[in-house]
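Participant: Kindly return the folded structure for what I paste below:
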Amino acid sequence: MTRQSTLGMIVYAPALLARDGRALAVVHGMERALPGLRLDWKVSEEGRPIALPQRDAWLSEGARDGGFPLVCNGDESFPVMIYGLKIPARQAPGGLQLLDVHAELPLDEAVIAAAADVLGIVAEGAHAFWGQATPSDAGVEIARQTRDPVHKPGVPPRGLPALKLPEKIRAPEIPHRLGWLNYWSAPAARAIGFPDPTRDAELLSRSRRTATGGWVVRLTDAPLDLDNPAHLDALLWAYERFPEIGGRAVP
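Facilitator: Predicted coordinates for the structure are as follows:
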């Protein structure tokens, strides 16, 4: 059986407080961005979907420990899921506890068409600093860029630059890495120097502004495929253009 390609989405936001409403905003926003989607199921310890007739109340109650529990659409032929994790201060940029929102969706035509809207809505619902959405195969390789001489030695793949561990990045507004689609809040965009009308003309042609002054930036027209030389070149160019990403800029 051929493995189904997926789109992985991650956004990093200020720590979630009990009943602060952002978990519901993220889930409701994702449902609006993908018409017909209903994330009103949870998953049992055995991996079996269980319906949540009072989903909003259950989700609010479960969002008390810095994250929020996984909800999904209960459709094993088209699985969509989202959840939030607490990142302890010792593992986060700037020493501040964060919320790490993860979503996963099948990479089909409908999701590709809506992906930028989904990322923007999820990120703004979470009040995120930054985020990204990338096909799973490319995402695995990009994750391997994060290196540390002691804790994670090695060489990144495909000539990509080495990126610092999150806790060694100076501020939460600085993105850890790039992806196919990138959400940069207004503070994140300022931190990395985007946009420059001259140098970023091509990126701006594939970007849109969000309601809060952030940006959703598409690195390549089609979903990122690092076996495509033009896509790899685009990723390499973007890392060269934004040396702050991954904590690589010299202070």
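Participant: Every contact and neighbour count from this point should use C-alpha atoms.
Facilitator: OK.
Participant: ranges for the helices of the stretch 51-200 of the chain?
Facilitator: For the stretch 51-200 of the chain, helices defined by DSSP state H, counting those that start in this stretch occupy the ranges 55-62, 109-125, 136-143, 186-192.
Participant: most packed of the ones you listed?
Facilitator: Most buried of the helices of the stretch 51-200 of the chain, by mean neighbour count (mean count of other CA atoms under 10 Å): helix 109-125, with a mean of 21.
Participant: Output the contacting helices and strands for that one.
Facilitator: The contact analysis (3 or more CA pairs under 8 Å, 6 or more residues apart in numbering; DSSP states H and E) places helix 109-125 against strand 6-14, helix 22-33, strand 130-135, strand 181-184, strand 215-218.
Participant: what sits up against it?
Facilitator: With contact meaning CA atoms under 8 Å, 6 or more residues apart in numbering, helix 109-125 is reached by 9, 11-13, 22-23, 25-27, 29-30, 33-34, 105, 129-133, 181, 183, 210, 212, 216, 218, 223.
Participant: and those, which are buried?
Facilitator: Buried members of these, counted by 16 or more other CA atoms under 10 Å: 9, 11-13, 22-23, 25-27, 29-30, 33-34, 105, 129-133, 181, 183, 210, 216, 218, 223.
Participant: now for the lowest-mean-pLDDT helix or strand in the chain, which elements pack on it?
Facilitator: With mean pLDDT, DSSP states H and E as the measure, the helix or strand of the chain carrying the lowest mean pLDDT is helix 55-62 (a mean of 92). If contacts are counted by 3+ CA pairs under 8 Å, 6+ apart, helix 55-62 sits against helix 22-33, strand 68-72.
Participant: How far does it sit from its chain's centre?
Facilitator: Chain-centre distance of helix 55-62: 23 Å, with CA atoms, centre = their mean, to the nearest Å.
Participant: From Pro223, how far out is the nearest residue to Thr146 once chain neighbours are set aside?
Facilitator: Nearest non-adjacent residue to Thr146, counting by CA to CA, 6 or more residues apart in numbering: Leu163, 4.5 Å away. According to CA to CA, to the nearest Å, Leu163 and Pro223 sit 22 Å apart.
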